[in-house]
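> my questions are about this predicted structure, shown below with the sequence.
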Amino acid sequence: MRVIDLSHTIVSGMEQYPGDDQPLRLLRRTEHGPANHMSSSLEFGCHVGTHIDTPLHFRAGEPGLDALPLDACWGRARVVDTPAGQRPGALSAGSLDTLDLKNLDFLLFRTGWERHWGTPRYYQEWPYLAAELASVVAKAGLKGVGLDSPSLDALGGYEAHDLCAAAGMINIENLANLTALPDEPFTLLVLPLKLAGCEASPVRAAALI
């Protein structure tokens with residue numbers, strides 16, 4: 001079995017979703033020394049880096065991460081390539097024309113947008129799910145959907161999030177290394193921190209091949 005890391009590294013001061021103004025700091029409190037050990041602390045928002053959104057992000061009254069069953073965060077997944085040469089913007093339902101969604105728990109859309117990670121371009125006019133595609137995905141009985149761009153929706157949008165949240169799905173955003181994934185199904189793990197009452201968390205996403 002091979003394990004493929006699908007997560008971006010979180011570093012101090014990294015770019016975040018436009019409008020998110022939470023501090024992002026990894027602080028070294030103590031260093032190794034004669035009377036010390038290494039100790040660090042974290043300060044960042046719940047939607048930083050590779051992360052999941054739960055339905056609570058857009059639907060009041062849904063359970064927080066501490067009540068989310070771990071069964072919702074792993075399962076049989078498959079990667080979907082967007083049409084070659086397609087410009088950034090809304091991804092159409094045509095992406096799924098030849099794909100059988102039966103016996104799948106997760107769909108991951110491989111758009112190639114991760115090539116812009118770490119540059120200002122990453123958070124500008126990224127690929128996202130058109131309402132028609134989000135509706136198909138939301139009706140497929142999946143546990144979740146993910147992609148290698150900042151959001152299921154365009155900047156300021158919410159339609160794809162709303163559709164998936166209403167279906168009880170989690171969303172995985174800012175995925176990395178999708179080019180390493182095979183075309184056949186694999187096992188996906190996206191385990192969040194157990195944060196009381198929170199709607200999102202960074203994850204260490206991984207594929208088991």
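Received it, and whenever you're ready, just let me know what you need. Residues are numbered from 1 along each chain as shown.

> correct me, but residue 53 touches residue 171?
Yes: between residue 53 and residue 171 there is a contact at 4.3 Å, judged by Cβ atoms under 8 Å. (C-beta placed from N, C-alpha, C; glycine too.)

> pull up the overlap in contacts between these two.
Jointly contacting residue 53 and residue 171 under the rule Cβ atoms under 8 Å, 6 or more residues apart in numbering are residue 161.

> and for the closest residue to residue 159 other than its chain neighbours, the neighbour number?
The spatial neighbour of residue 159 that comes closest, neighbours along the chain excluded (Cβ to Cβ, 6 or more residues apart in numbering), is residue 131 at 4.9 Å. Using other Cβ atoms under 10 Å, residue 131 has 15 neighbouring residues.

> list phi and psi for residue 131.
Main-chain torsions, residue 131, degrees, to the nearest 10: phi -60, psi -40.

> in contact with it, which residues?
Contacts of residue 131 by Cβ under 8 Å, 6+ apart are 159-160, 163.

> restricted to helices, list these.
Secondary structure from DSSP state H places 159-160, 163 of the contacts of residue 131 in helices.

> out of those, who's nearest residue 13?
Nearest to residue 13 among the ones in helices among the contacts of residue 131 is residue 160, at 29.0 Å by Cβ to Cβ.

> for burial, what's the neighbour tally of the closest one?
So residue 160, with other Cβ under 10 Å, has 25 neighbours.

> cool, and residue 29?
Residue 29 is flanked by 9 other residues according to other Cβ under 10 Å.

> same question for residue 190.
Neighbours of residue 190 under the rule other Cβ under 10 Å: 26.

> isn't it up against residue 145?
No: counting by Cβ under 8 Å, residue 190 sits too far from residue 145 to count as a contact (11.2 Å).

> can you tell me the strand partners of the helix or strand bottoming out on mean pLDDT in the chain and which way each runs?
Ranked by mean pLDDT, DSSP states H and E, the weakest helix or strand in the chain is strand 90-91, scoring a mean of 82. Its sheet considered, strand 90-91 pairs with strand 128-129 (parallel) by DSSP bridges.

> now do the helix or strand following the partner strand, average pLDDT.
Per DSSP states H and E, strand 128-129 leads on to helix 131-138 as the next helix or strand towards the C-terminus. Across helix 131-138, the average pLDDT comes to 93.

> quick one: helix 131-138 to chain centroid distance?
17 Å (Cα atoms, centre = their mean, to the nearest Å).

> list the buried residues in it.
Buried residues in helix 131-138, counting neighbours by 16 or more other Cβ atoms under 10 Å, are found at 133-138.

> I'd like those residues as JSON lines, with distance to residue 26 appended.
Below are the buried residues of helix 131-138 laid out as JSON lines (distance: Cβ to Cβ, whole Å):
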{"residue": "133", "distance to residue 26": "36"}
{"residue": "134", "distance to residue 26": "34"}
{"residue": "135", "distance to residue 26": "39"}
{"residue": "136", "distance to residue 26": "39"}
{"residue": "137", "distance to residue 26": "34"}
{"residue": "138", "distance to residue 26": "36"}
